[in-house]
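[1] After the sequence you'll find the predicted model.
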Amino acid sequence: MKKLIFLFISAFSLILTSCEKVIDIGVSDTEPKLVIEALYDAVDEKVSVNISKTVNVFEATDYFPTVSGATVKIIDENDVSFTLNDEGEGRYSLENYSPIYNSLYRLQVTLDGITYEAQDSLMPIVPIDSLRFEYQEGSLFFEEGYLVFFEFSDPLDVNNFYKVRLNLNGEDLIKPSDQMLFVNGPNNSSSQSIPIYWQIFQNNDSLQVDLISYSQRSYFYYSDFFSLLSNSPVVAAPANPRVQWTNDTDDEIECLGHFTAFGYDRKSIVVQE
């Protein structure tokens, strides 16, 4: 029996009304930190990078200063590098960048004489064999409707790291509670059938399912990030996501964000009686 380790992202919150206490927390201003968010979508063959800076906790703004003028490169396992285009407003991109699966990529950002670097492994895509649905009666915990299952087989006798991403009736579901991270332990390519347990579907719903393959490094980053966004009081206080970026100086210049290389398989289904 293959061992499945799921990261459950709670869709429920508890309402605490029995007692209230005002706590004065002293938070001092800090120097803005660089934030580099980089993605290599191997299916679309596109590298996208956003560079910005943090703002102080109590600064009344939804705007994060963007950073242009950086030199951004992606480097493959053969040390062949390509420079991304600076599109302005902190956005950098490279299109038609063909993937080498099961290999290591590095992303370098040079800004103000400092080079920041992160790396990630692009894992092979694991195909979804099929999607199917089953009707279920309404209960105390679930509404009446349909559960959708996705079925697949792991090709490698190692831990495999995934995220399930959904599009329902043409709308991408992007909240952490609408997605699932999970680890599939070693097996002998046995078939798996896993329910999309956090969503009940109705007749004529159109569903698109992406099974994203992550490296262990990216899986743990998103695990930390989703825990940070969770408001559930039943879990321990989350820590910041693990630091991904290094730099070529001796100074401890902290850079936030991540670099993730990923591929995915996609299947669609229409729920019909």
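    Everything's here; your move.
[2] For stretch 138-152, list every residue counted as buried.
    Residues of stretch 138-152 classed as buried: 145-150, 152 (neighbour count, 16 or more other Cβ atoms under 10 Å). The C-beta positions use only the backbone N, C-alpha and C, and glycine is treated the same way.
[3] So what would you say the end-to-end distance of it is?
    One end of stretch 138-152 sits 28 Å from the other (Cα to Cα, to the nearest Å).
[4] Measure how far stretch 209-227 is from the centre of its chain, please.
    Between the centre of stretch 209-227 and the centre of its host chain there is 5 Å, according to Cα atoms, centre = their mean, to the nearest Å.
[5] what's the answer for stretch 82-102, then?
    Worked out by Cα atoms, centre = their mean, stretch 82-102 lies 18 Å from the chain centre.
[6] picking up where we left off before, switch the buried residues of stretch 138-152 over to JSON lines; also include distance to residue 105, pLDDT and secondary structure.
    Listed next are the buried residues of stretch 138-152 as JSON lines, based on distance: Cβ to Cβ, whole Å; pLDDT from 0 to 100; DSSP: H, G, I helix; E, B strand; the rest coil:
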{"residue": "145", "distance to residue 105": "41", "pLDDT": "94", "secondary structure": "strand"}
{"residue": "146", "distance to residue 105": "39", "pLDDT": "96", "secondary structure": "strand"}
{"residue": "147", "distance to residue 105": "37", "pLDDT": "95", "secondary structure": "strand"}
{"residue": "148", "distance to residue 105": "33", "pLDDT": "97", "secondary structure": "strand"}
{"residue": "149", "distance to residue 105": "33", "pLDDT": "97", "secondary structure": "strand"}
{"residue": "150", "distance to residue 105": "27", "pLDDT": "96", "secondary structure": "strand"}
{"residue": "152", "distance to residue 105": "24", "pLDDT": "93", "secondary structure": "strand"}
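[7] now, among those, which is nearest to residue 247?
    Residue 247 has its nearest neighbour among the buried residues of stretch 138-152 in residue 152, at 38.9 Å by Cβ to Cβ.
[8] CA atoms only for stretch 215-234, dumped as PDB, please.
    Listed in PDB are the C-alpha atoms of stretch 215-234, where the atom choice follows Å, rounded to 0.1, in the frame of the first residue of the first chain:
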ATOM      1  CA  SER A 215      11.000  19.300  -6.400                       C
ATOM      2  CA  GLN A 216      11.300  18.700  -2.700                       C
ATOM      3  CA  ARG A 217      12.700  22.200  -2.300                       C
ATOM      4  CA  SER A 218       9.700  23.900  -3.900                       C
ATOM      5  CA  TYR A 219       7.300  21.600  -2.100                       C
ATOM      6  CA  PHE A 220       8.600  22.700   1.300                       C
ATOM      7  CA  TYR A 221       8.600  26.300   0.300                       C
ATOM      8  CA  TYR A 222       4.900  26.200  -0.700                       C
ATOM      9  CA  SER A 223       4.100  24.100   2.400                       C
ATOM     10  CA  ASP A 224       5.600  26.900   4.500                       C
ATOM     11  CA  PHE A 225       3.800  29.600   2.500                       C
ATOM     12  CA  PHE A 226       0.400  27.900   2.700                       C
ATOM     13  CA  SER A 227       0.800  27.400   6.400                       C
ATOM     14  CA  LEU A 228       1.700  31.100   6.800                       C
ATOM     15  CA  LEU A 229      -1.500  32.100   5.000                       C
ATOM     16  CA  SER A 230      -3.700  29.700   7.000                       C
ATOM     17  CA  ASN A 231      -5.800  31.500   9.700                       C
ATOM     18  CA  SER A 232      -6.600  28.300  11.500                       C
ATOM     19  CA  PRO A 233      -6.000  28.600  15.300                       C
ATOM     20  CA  VAL A 234      -5.700  24.800  15.600                       C
END
